[in-house]
Structures are given as structure tokens and as C-alpha cells.
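[1] This is the structure alone, sequence omitted:
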């Protein structure tokens, strides 16, 4: 008996093929297949069909599960007449009795059409772009042989879902959340087999799940629906809410077959559901009498139980997704009347924090709740990078609102103009993770000194403010427990600097900044940068403000530069801020050189903990010594014993924080004299060395004090030392920028700084 072929119902194609690429490919296929008198068919407008028969190398011991794949299989290759090869060919079975209910790798069929083969995992267009026309029949043969061998499914321990094509819209919901309702039989009313779900409709027929409608929350949801309806009636473009339904088989039957012909009417839909044991009678009765939908589109999700966990998901449940178009006249006598149209929808898994972390490769997320201060250009981009990777446990803080000129450099868009930056940024990230608690926002800090125990509940404080005031606040918060990270831009946006403090805030932000300045003697770019900043500083301010205020519309700074630094900083934060608490401090540098070519370079500078000592005379000054400075002093004391020795310190002084940083040391000049009880420092070469450091650092570092040793005591300043201190004090007080008198005594057992 002759095989019944679908192509027999298609008219012959007798027109000329004008697409030269298609003509050439068909000719290659004819030659490869040995077809002498090809017969093309009309598939539909714009498409031509090429029916062929292929020999299949079937397994010698029989097909897997006796699947009806035959030694010669008729197939149809369909080409787009105008857009080929940009639109790749599609392959269909030509057999009307093909075992379509037993294979997952078939696309849902369009009405009155056979199913298409899912020949490749991924994009067929990408696969075909690098193949010859003759490769297609080879791939078809291999696919049919794999089907006969039971190898189409890569993971035989899981169930392969049906391929969906021809859908008209999207239902966005979390699979696990819906599966839990089905598994626990959490129906809206006891004894029924369906749950109610609230969806919010957006553009392009996309319905986003909001929450389940239950007896417990129905009053609130009904009010939500009524308020939204009133807003739409008032022509104020309110939200569009739909009540959808999740329906399952209350008997929990398991099915392994596929249905590739999707329903298009209510009667078809009931038949389709029944094939999976799902009875729609209770749903129909409830819907006709009690449905609250104001709009015609009704999302309906059928839960089909499978024999194994569905590939890509966590449960043995496959969801089949539809939208019913129902108007009031379609309800009569407790029934839904024909013709009610049913449309195929596809499920989209919403972005969750967990999924975002998996996609981004985050295995160790930031722990605890963290505070971000500063949601401007740089801060907003870093937060968005972190948010997109599922790092969302932040409190965002910023007092400013989005202005139109901010859009040039900010991560937010025009819809947020006039909204507080922190709140707008928090809402933008929340929209990516619907239904999840992420990113609360605050307008400003309630305690500017950061001493309140509320702030010590945070794991990290991230400062992206470019504010010298907040930088000083962080330094003065001596009891602050959270780890601290500060990122800012300098050099007209070409230099990105990020400080990450060490364990127990040592090294601290100001230690890291002083260490960076000190590297002007080692790194040429640091010297050039500091000298340029000094030349550009018209205020005459001694302290350099490391940070570009990106908020000003007069600041010439392109968005791509900020994005470059923000991407680097966010990557470092994800890596470094999840590391061991035993970390040292680090300076992270990103540099852009756009003088000739656009070049990007990065550098990491580790910084060891500083030695912190408060002035012994009770003046309140904190002295922070670079650790190797103390080691050099001890070594010099040992070399010069039994005589005293000494020299001068180089570093910086900050009156706002009452901190002196000692980052460099000059040992005794050659013309110095000393004995066991006295040291007189010489001056040979000293002024030149001090000037060199001052000039190289752009005025950020210079002479800050004196040091000498007491190898045999006393563990305090001698009377001669006090006399010298008073002498220095009288001279330094007469300077334009007076310096405190800073003298340090080193003994075999003690480091003794004094500040007057």
C-alpha cells in the first residue's frame, strides 16, 4: 500500500526561482541526492517545499522502544523564496503517520501542517550559516538515526520538553513557585484542581506573574483590581491586571507522550487537557460564575506530570501555556460557548537573584547587608553591574535627584528624571527581580558620624560619592566596624582609583591614599598625575581631592570612560569583597590613555597594615607609620649603637582627622653628630631630598617631623628634646600653613611619638 504523504496535498510549484542563492543550493542538493527530475511544491506564500526520501541507517537490534522510524523516511525541506539563506530551511516529516507523540525534538505543529524536526540545539541559522546545502540531508539522516537509537535526549534520566514554535505571547513566572502549588495541590477552593494567579500585562502580549490569588489575600487583590480599573477608566493609563489559572490533574497521573497539535478553540482545549488527565469542568463552572477579569485575555497554564524531572527544571512537571480570549457573551448556562479562541503562549522564567548569580558565575556572593553611599554616575553603574549579577543586598544612599544632564553618564534613563537617585536605582534593580526583596533605598544618612550601631550592622560600606567630606567622615569613624571600600575618578576621568581597606580597617582609606602618593618615586604615572593635579589646582589647597564630581553638567567626562572604570571596579568588588577577612589592604588602579590610541590598563597595589600610635603627650593626634618605616628605624638604632641616631619623616598631615601619615624616612645626614646621650641632626643633602619628594608628589608629601633613638633610655623626651620641640614650635607657628611639631623617640622597647 502506498505511503500517505503530506506533500501529495500540496500543489506543484511552477514559478521561476529568482533568488540566485536558492537556485544554486537546490542544484547542489539535486546533485548530492541524485535527483534528476525534481518536483517542488508550494508550501505557502513565500515558501517552496522540496519533498525527498532519505535512507536511514537503523540500528541492527531494532529501534529504541520500537519507535516507528523506517529505513526510508520521506521528509520535506522548506525554503524561503526571498530571504534564503539568511532564513535557513526548515525540515518536516512528510509522513502523516509519523510517531510525533513519542518524540520531544519536534516543534509544535501549525494547523494542518506536519511537525518540524528540531535538528540542532541552539540556533538553526547559526548552524546552517557555516554548512553546505549537502550537509542538511546528512544532518537529517543522523537525526532520524539518533531518534531510532533513543539518543535525541542527551540526559536520559530527565524528561525532554516539547519544542514550542508559533506562540503569540509570553507568560513570565517562576517555575518552582508554580510547581510547588501543583505538587501541594494548593487550589483556590478546597476540592478543586486549579489555582488563581494575578498577572500584569505589559507590551507585546507579555503577562508577568505577580502573586497567587488566595482566600487570605483576596480582599487586597480585589481592591488592587478595582483601583487599576478606575485608573484606566479615568484614562490615566493604569496597570493592566489579569487573573490567570493554573490547572492540574487531581489524580496525579503521569504521562510520557507529546501533543504537537495545539488547541485553537475551547472544545479543542478540553480535548487536549483530557489527554493529560486534566478535567476542566470545575474550572469552567468557576470561571463562568466567579471570574473577575475585566479584559478578554485569560492566561491558562496546564500542569502535565512527566515520568522524570523536566530538563532545565527541578520537578517532573511540564507546563503548557495558553491564553483564552473570552468575552461576556461567551458565558451561558454555566458553560463556555463556542467559538472561544485559544492561543499558544510560551513560558519565560523570570530573572531571579539565584539565576542571575548562576549566569554571572557567582559562587560566593557578598555576605550580609551592605551600604552603598553615592548613586551618581560611577555609583549607579557599579550598582547595576552588581545587581545584574545577583548581588542585591544593599542599602542605597543618596540625597540627590536625577537631572536631565545626568542622563549623559548615569545608568538610569529619562523615566527617572526628578526621582531620588537611590530610590530610582533601587526600583530599577527590583524590576529585574520581581517579587524579591532587594535593594532598599534611603535619601541620606541619619548619623553623619557613622557611630550609630545601625551602621555597624552592615558588612560593607561602599563610598562612591567623590566627596571629600564623606571621605573625612569615614576616617573619623574610628569605631566603625564594617569593611570599607571607596572608588573614585581623577585625571579628568582617565584614572580610576579604588581603595579596599584591610582587616580591622588597617590599612585604612587614608593609609591607602598616602601609600599611593608615596609611590610617586617608583611609578612615573603617579608622579605625572600628582604634578598635573597640582598645576590644575587653582584653590591652593594643600590636600588633593581624589575624585571627579560627575554630577556637574560642566564636567567634560564621557559615559564610556565611567563605564570602563565601573566595570573594572564591580569585577574587583565581586572578587575581593567575598575573600577571607584576613586580607591586606589593596589599591586598584584603572587607567585610560586616549592621547593617540584608546588604551586601558589596570594595576593592583597591595598595602600592608600601618603601625598606629597616638601621641604620648595627650594631644589627640594619631600617628600612622608605614610598617617598614618602623623597621628601618630599628635597624638604624642597632647599627649606630651605642650612639643615638635619627633623621626626619616624610608624609602628610590632615588637620580634619588629626592624623599624621609617615610614609618615608630619611636617616641621619652625613654631617650629623651623636654620642650615647645626644644626637644632632645634620643637613647635608636633606633639603634637596625633601624638595624632591615634595615636587614628585605634587605637594602632597613633605617634611612632617623628626625622629631619633634612645638606645639606653629614657622612654620619653629628654629635657633637651623638649627644649628643641619648643624651638620648632615657635618657628612652625609662623608659617603660612603652620605644622604641628612632631617628634618621635625610638627605644629598644617602645615607639614614642609626641605632637605639640
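    Good, I have the coordinates. Please read these numbers as outputs of a predicted model, since none were measured by experiment.
[2] The stretch 601-750 of the chain: strands as residue ranges?
    Along the stretch 601-750 of the chain, the segments classed as strands by DSSP state E, counting those that start in this stretch run 611-614, 622-625, 646-654, 659-667, 673-674, 679-680, 702-709, 742-746.
[3] And for the stretch 251-400 of the chain?
    297-305, 317-325, 331-332, 335-336, 341-348, 370-373, 394-397.
[4] what's around residue 508, how many residues?
    Residue 508 is flanked by 27 other residues according to other C-beta atoms under 10 Å. (C-beta placed from N, C-alpha, C; glycine too.)
[5] so what's residue 357 closest to, chain neighbours aside?
    Nearest residue to residue 357, sequence neighbours excluded (C-beta to C-beta, 6 or more residues apart in numbering): residue 390, at 3.5 Å.
[6] Pull the contacting residues for that neighbour.
    If you count contacts by C-beta atoms under 8 Å, 6 or more residues apart in numbering, residue 390 has them with 352, 353, 354, 355, 356, 357, 358, 360, 362, 365.
[7] so what's the second one scoring on pLDDT?
    What that stands for is residue 353. Note on residue 353: pLDDT of 88.
[8] Grab the nearest non-local neighbour of it.
    residue 390 (4.5 Å).
[9] Check the first one too.
    Computed as C-beta to C-beta, 6+ apart, the closest residue to residue 352 that is not its neighbour in sequence is residue 433, at 6.2 Å.
[10] which SSE is the residue lying closest to residue 186 once chain neighbours are set aside in?
    Spatial nearest neighbour of residue 186, chain neighbours left out: residue 195 (6.0 Å); criterion: C-beta to C-beta, 6+ apart. Secondary structure assignment for residue 195, by DSSP states H and E: strand 194-202.
[11] after that strand comes which helix or strand?
    strand 206-213.
[12] Relative to residue 313, how far out is the residue nearest to residue 353?
    With distances taken as C-beta to C-beta, to the nearest Å, residue 390 is found 19 Å from residue 313.
[13] ditto for residue 662
    Look at residue 662 and residue 313: by C-beta to C-beta, they are 61 Å apart.
[14] Neighbour count: the two, which is higher?
    Taking neighbours as other C-beta under 10 Å, residue 662 and residue 313 compare with residue 662 leading, 26 against 18.
[15] got the contact list for that one?
    623, 624, 625, 626, 629, 649, 650, 651, 704, 705.
[16] before we move on, the earlier item: quick one: the residue nearest to residue 353 and residue 433, what's the gap?
    Residue 390 is 8 Å from residue 433, by C-beta to C-beta.
[17] which residues are in contact with both of the two?
    352, 353, 356.
[18] picking up where we left off before, list only buried entries from the contacts of residue 390.
    352, 353, 356, 357, 360, 362, 365 (16 or more other C-beta atoms under 10 Å).
[19] Would you agree the last one is in contact with residue 578?
    Yep, that's residue 365 we're talking about. Yes: under the criterion of C-beta atoms under 8 Å, residue 365 makes contact with residue 578 at 6.9 Å.
[20] hang on, the residue nearest to residue 352 packs against residue 353?
    Yes: contact between residue 433 and residue 353 holds when scored by C-beta under 8 Å: they sit 5.7 Å apart.
[21] what residues are shared contacts of those two?
    residue 392.
[22] distance of the residue nearest to residue 353 from residue 426?
    Distance of residue 390 to residue 426, computed by C-beta to C-beta: 15 Å.
[23] Buried residues, the biggest helix by length in the chain. List them.
    Among the segments of the chain that qualify as a helix by DSSP state H, the longest is helix 559-576. By 16+ other C-beta under 10 Å, the buried positions in helix 559-576 come out as 561-566, 568-574, 576.
[24] between those, which is closest to residue 711?
    For those, the minimum distance to residue 711 (C-beta to C-beta) is 42.4 Å, reached by residue 576.
[25] if I pick the nearest residue to that closest one once chain neighbours are set aside, what's in contact with it?
    Nearest non-adjacent residue to residue 576, counting by C-beta to C-beta, 6+ apart: residue 500, 5.6 Å away. Residues near residue 500 by C-beta under 8 Å, 6+ apart: 483, 484, 485, 572, 576, 577, 583, 585, 586, 588.
[26] Out of those residues, which end up buried?
    483, 484, 485, 572, 576, 577, 585, 586, 588.
[27] now these in CSV, with distance to residue 216 and pLDDT?
    Formatted as CSV, the buried ones among the contacts of residue 500 follow (distance: C-beta to C-beta, whole Å; pLDDT from 0 to 100):
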residue, distance to residue 216, pLDDT
483, 41, 92
484, 44, 95
485, 43, 96
572, 46, 95
576, 45, 88
577, 40, 86
585, 51, 94
586, 51, 97
588, 50, 98
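[28] quick revisit: please identify the most buried of the strands of the stretch 601-750 of the chain.
    With neighbours taken as mean count of other C-beta atoms under 10 Å, the strands of the stretch 601-750 of the chain reach their highest mean count in strand 742-746, at a mean of 25.
[29] wait, doesn't residue 710 sit right on residue 745?
    Yes: Residue 710 is in contact with residue 745 according to C-beta under 8 Å; the separation is 5.5 Å.
[30] per-domain residue ranges of the chain.
    Listed by automatic domain parsing, the domain ranges of the chain are 6-149, 169-350, 360-607, 611-755.
[31] Can you get me the start-to-end distance on the longest one?
    Looking back up the chat, that one is domain 360-607. End-to-end distance for domain 360-607: 29 Å, by C-alpha to C-alpha, to the nearest Å.
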